Every structure is written in C-alpha cells, then in structure tokens.
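> Below is the sequence, then the predicted model.
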Amino acid sequence: MLDVHVSPPMFQLIAGTVLLTGLISIGLWLKNLYHDPFPFIDGPPTKNLVFGHFPEILREEVGVVYHRWHEQYGPVYKVRGFMGSIRLVINDPVATRHIMVNNGYNWGKHEGVRVVFRWIEGSNYGMGSLEGDDHKRVRKMMLHAFTPAHIRSLHPTVREYADQYVEVLRAERKTAEYNLLKYKKHVALDIIGSASYGYATGVLKKQDTPLAVALETIVSQVSNDTIRVPLPTAIRAYLPRLEWWLLADSRLFDRNVKQLRKVAYEVLYMRKEALGVLTEADRKHIKEAGLRIDRERVGNFAMGIDDDAAMLDPDDPDKLDDEWILAQIMVLFWAGHESTATSMTWLFYELSRNRDIQSKLRAELLAAGLDCDVRTLLQLPYLNGVVHESLRLHSTSGQSIRHAFVDDVVPLEKPVNGHKRLVIKSGQEVVFNHMTMNCRPEVWGEDSMTFNPERWINMSTAAKEDTMPGWEGVANFGSGHRQCVGAGFAVMEIKEILLRLLTHFEFLPPDDPLEQEIEGWNRMLTKPFVKSEGKYAMPRLPIKIVPLTE
Ligand code: HEM
C-alpha cells in the first residue's frame, strides 16, 4: 500500500493554501456578482451563477444566440462568464475600431487563449500567442511577404493544385461526395505547404499522410469545446497541464505536435541548406532525428519566412533564432489551411443550395476562361460578390475576445442609455462576435441572413470598410494589428478553386433528405455538421458533385 507521510506543518501549509484559495475565489465571485461596473448597460439575465451564459451560448448553433441578443439589446450589451465575471459584447463599429485598430496593443488576447495557441504552435514563440514588441517584430517580417504582388506571384502554384483537385474529384467523386470538407482541407494544405515553403505535402493525392493526420488529430483534441469552453480560462491560463490532463490524451497530442515539428524542421533545414547557412549542429540534428532533406522540395519559401533570408542570415540584426522560425512555420501550417478550407466548404454549401447563383457565377467564370490571369480573376465582379457574401454569412472564426491590458475610455457610435463612451478598467474582457458584426440588420437590412451576392456589386472598398473595421467589411479575418496576414492569399486561393471547380462540375445538395440539413458548430472554427447526426458527430458536408460533361 502507498504510504505517504505528510508532516503536520506541511499539512497545515497545504490546508491553509487550499482554504485561502477558496476564500479568495468566493470573495471574487461575490465581488463579480454584486459589483457591476456597467450598471447602465443591459444584457440577458442568467440564473447560472457558476458558468454564467456559457451553457446558453453553447446550446444553439454558433452565433445564433448572439444575433438574437443583438436584436434585443443593441450593439453593446453584457453577459456573464465564469464565476459571475462580466463580459461586454461589442458590435459598435466606432468602439471596435478604437479597441482593435487604434489601440490594439493596449488590448490583447486572454492568457487562456494564448495557452491554446502555444499548444498548437508547439512553443511560446508563435505569432498567435505573442504580444507587444515580440508580436510587432514577427508580424513586420511576415507582412512584407504578403504584399499583393507577392500573393499574385504565388498564383501559378495555386492553379497547379486546383487542377490536381479537379483530377482527384474526377477520380474519387463518390468518396468526395461524402465529405467535401475533408477534400477542401487536403487541397488547402497542399497549397499552403507548396506556396509557403515549396514543401509538397502530397496530402491531396495520397490522403491521410502523417502530416494531415497529425493536424486533424490535434484539431479534434483541442476543439472538444463542449467541455472545454465553459472551463474557466483562469484554469487554462494558470494550470494549463491540469486542464490538459482533465480533457485530453496529452501523450497523443505531444506525439502529433512532435510530428509537426519534424516537418517544420525539414522545411527550415531545406531552406538553410539552399541559402548555404546550414551549421554543423544542424547537420548533426538532421542525422540524429532522421530528417529528410530533399533538395527537390526546396521552393520559394515565399510566405512567412523572408525570402531575402534576413530571418536566417547570421549577420543580419533582424535574424530570428531557429526556435522562432520553427514556430512561425507551425503557425502557417495551422493558419494557412484549416480556415481557408472551412470557408470554402461553406461557400460550396451556399452554391449547392442556390443553383441560380451557381449558374450565374459559372457563366462569368466560363467567359473569363480557364487561362484567365490572376488580375482578371481577382476583379471579376460576380465572383467577388459571391466570395464576400459567403464570408459574411459564414464567419468560420466565430469571435475575437480581447482583454484590456490598461484602463481605457472607449468611444461609441451610438450612446448606450445616455453614455457616449465606456470607461473600462484593465482586465475587462470584451467579445466581438463575427456573425453579428457581419449580419447587422441596421447595415444589411431585413434580409441580412440571406445569401445575396448582388448586395456587394458596385460597392466601393471604402463603403465596405465603413460597415465594420476588418478586411473589406467582413469581420472574419479580425482587424487592426492582428488582422489576418493571409486574407488576400486565402481569397485568391478560393477564387482560383472556384474557377477550376465550377467550370468542371455542378454542386447540388445530397439526395438523402437526412443529409440535407446542415448546422454550424464550433470545432475551433465553425464547421458544418449534418443535423441528424448531432453536434458530437464528426464535422462533414455531404454534397452531390456532377461532372458537367456527364
Ligand atoms: C478564409 C481563410 C482565413 C480566415 C477566415 C482567417 C482568419 C483569421 C483571423 C480571424 C485571424 C486573427 C485572429 C486574432 O484576432 O487574433 C487570423 C490571423 C492570422 N492568419 Fe488567418 N485566416 C484565413 C486564412 C489565412 C491564411 C491563408 C494564412 C496564411 C497563409 C493566414 C495566416 C494568419 C496569420 C499568420 C495570423 C496571425 C496574425 C497576427 O497575429 O498578427 N490566415 N486569421
């Protein structure tokens, strides 16, 4: 039998610590419940004193309850989080611009959110979890690799994989019909690997490569939100291992992160070798870790890691340590494929349900021709309207949460019960719900929840941006100093895939009525689920694919 001896002073220390922690928690809880810094702001009532509104938010499809609350309480209202804490929900464009764009570095991600990014990025240096000067430094490097000219230069790579996708769909149509999401993920992963690093992941053709399996497993582990989300971010922030131990198989997770790091190392060393900066220590590591350095796979390394090699050049003052570069490679694997694939999947969902729109778009694409150059492609008006409209209705990213690092005074477009600004103390959390921001009836009218690409035609970029700060009027890519660096690339990729796919196939709802009803539930991103299978099933989008020549 296990005999654990705890000396009396030690016992007193442990008991005292537990008691003190309990008393502090109760004190904080009572303070949260009885001290409301925003008594003039309305919000839905809740009887759940521990989890606040979380159960209600999770009960319905992503964003639905927020949309209802917006209609009921207006652009600024409050909800309760864990232990009675107050969160402000803000859909006011002036306040959003102030927080996200003009004062971004005074507002950061909550520590609990950054912990999740550190898990999936495999280190503390990935862009998704950095703040302040560290974030500025890495973002500056990344941004100049994402200029419009640079993105256009990657178009041939995207076209090559879009063509491969057509071939694969021709050969595997019946399997693809079961779950379009999976096929979209594979093409997006191949594209990001190839465009970013010249690293052909080969997922689309071989399917289920170790890289794809590792990414998929991590996503499903991290996004088991049904129990994860209500857990206090405080536990995640200060006792991350405990949360992990409670919720997931951490060995499986660690094994998969190792697999991703292995690929990231191969990418890094291939690039270092091409630039002639591979060190003896690197060679030793390659040998010991059994890494494959295949010269054939060295590409332009165009995105993410500076292609003039400043990040790698030992004499450059801006050089980043290998650990930092590895972290950004991991970031791009994540950021660059999952969200694009999911957004594309929703777009095909809409096209399959709106066949007149699909036909009109096909006519525009056929007129442009399969050889149309990237500038023409990016400017096709109806294609533009379809892509914007699908992003607007299906924000896969769900929401942005910000945490005030300092006290702030936030201006409002419309006063709330006579208050023209909000006085906010450091530590306050605010939530920007992307679906509500994209679908405000006061901007888009009564039919704001209807798929209507025409509403974007002839709309100037300035008018788009006036609707809400963010990428061309949609909240999906966040805004300000953390706005998605890959938005332009993602949109180019989506448009090229539409050009290829719509000129070869027609997309229809599946024949089985049970598979026709689709819901959006959170799996880190908002993913499609077959309603009859429930929200605990695997996300998938069944769709009927008919070759046009058939
Ligand atoms: C439709 C596709 C995409 C969506 C909806 C999307 C969405 C987002 C969102 C919402 C953020 C900001 C998160 C925050 O506020 O902290 C973000 C950040 C980021 N995205 Fe994307 N993204 C997409 C595609 C891409 C692609 C293709 C790439 C790379 C090639 C990419 C790279 C990044 C990076 C590196 C960041 C971090 C920016 C920073 O922290 O400064 N994303 N993305």
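Alright, I've got the coordinates. What you see is a predicted model; the values in this text were computed from it and never measured.
> and the residue of the stretch 151-300 of the chain nearest the ligand?
Nearest residue of the stretch 151-300 of the chain to the ligand, counting by C-beta to the nearest ligand atom: residue 192, 5.8 Å away. In short, each C-beta sits where N, CA and C put it, glycine included.
> Tell me which residues touch that residue, please.
332-333, 336-337, 340 (C-beta atoms under 8 Å, 6 or more residues apart in numbering).
> Same list, the residues you listed, but as CSV with pLDDT and distance to residue 149 please.
Listed next are the contacts of residue 192 as CSV, based on pLDDT from 0 to 100; distance: C-beta to C-beta, whole Å:
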residue, pLDDT, distance to residue 149
332, 83, 19
333, 80, 24
336, 83, 19
337, 85, 23
340, 94, 20
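> so where is the stretch 101-250 of the chain shaky, pLDDT-wise?
197-200, 207-208, 220, 222-250 (pLDDT under 70).
> Residues of it that sit close to the ligand?
127-128, 139, 142, 192 (C-beta under 6 Å from any ligand atom).
> count of neighbours near residue 33?
14 (other C-beta atoms under 10 Å).
> This protein: strands as residue ranges?
Here the chain has its strands, by DSSP state E, at 76-80, 86-90, 107-108, 399-404, 408-416, 419-424, 429-433, 505-508, 518-523, 525-530, 544-547.
> among the residues of the stretch 101-250 of the chain next to the ligand, which ones are buried?
Buried members of those, scored by 16 or more other C-beta atoms under 10 Å, are 127-128, 142, 192.
> Kindly indicate which of the residues you listed lies nearest the ligand.
Nearest to the ligand among those: residue 127, at 4.6 Å, using C-beta to the nearest ligand atom.
> hang on, the closest one packs against residue 330?
No. Contact criterion C-beta atoms under 8 Å: residue 127 and residue 330 do not qualify, at 9.8 Å.
> re the thing from before, and of the strands of the chain, who's closest to residue 264?
Judged by C-beta to C-beta, the one of those that comes nearest to residue 264 is strand 525-530, at 21.6 Å.
> angle of that closest one against strand 518-523?
On the basis of axes from the mean of the first three to the mean of the last three C-alpha atoms, to 10 degrees, strand 525-530 is oriented at 140 degrees to strand 518-523.
> Quick check: the residue of the stretch 401-550 of the chain nearest the ligand.
residue 486 (2.1 Å).
> Tally up the residues packed near residue 166, please.
Neighbour number of residue 166 under other C-beta under 10 Å is 18.
> if I look at it, how far off is residue 190?
For residue 166, the distance to residue 190 (C-beta to C-beta, to the nearest Å) stands at 13 Å.
> Do I have it right that residue 440 meets residue 74?
No. The pair residue 440 / residue 74 is not scored as a contact, 10.5 Å apart, by C-beta under 8 Å.
> Look at these two and report which has more neighbours.
Using other C-beta under 10 Å as the criterion, residue 440 and residue 74 rank with residue 440 on top: 19 against 16.
> which ones are touching the more buried one?
If you count contacts by C-beta under 8 Å, 6+ apart, residue 440 has them with 70, 75, 91, 448, 467-468.
> what does the stretch 301-450 of the chain have sitting close to the ligand?
Counting by C-beta under 6 Å from any ligand atom, the stretch 301-450 of the chain comes close to the ligand at 303, 331-332, 335-336, 339-340, 343, 396-397, 400.
> Spell out the residue ranges of the helices in the stretch 351-500 of the chain.
355-368, 374-379, 381-393, 434-438, 441-444, 461-467, 487-502 (DSSP state H, counting those that start in this stretch).
> distance between the longest one and the chain's centre?
If you compare the mean C-alpha spot of helix 487-502 with that of the full chain, they lie 18 Å apart, counting by C-alpha atoms, centre = their mean, to the nearest Å.
> average model confidence for that helix?
Averaging pLDDT along helix 487-502 yields 96.
> Who are the packing partners of it?
helix 148-153, helix 155-171, helix 180-197, helix 338-353, helix 355-368, helix 374-379, helix 381-393 (3 or more C-beta pairs under 8 Å, 6 or more residues apart in numbering; DSSP states H and E).
> Report the spatially closest residue to residue 465, excluding sequence-adjacent ones.
residue 473 (5.8 Å; C-beta to C-beta, 6 or more residues apart in numbering).
> Pretty sure that neighbour sits against residue 467.
Yes. Counting by C-beta under 8 Å, residue 467 is a contact partner of residue 473 at 4.3 Å.
> All set, thanks.
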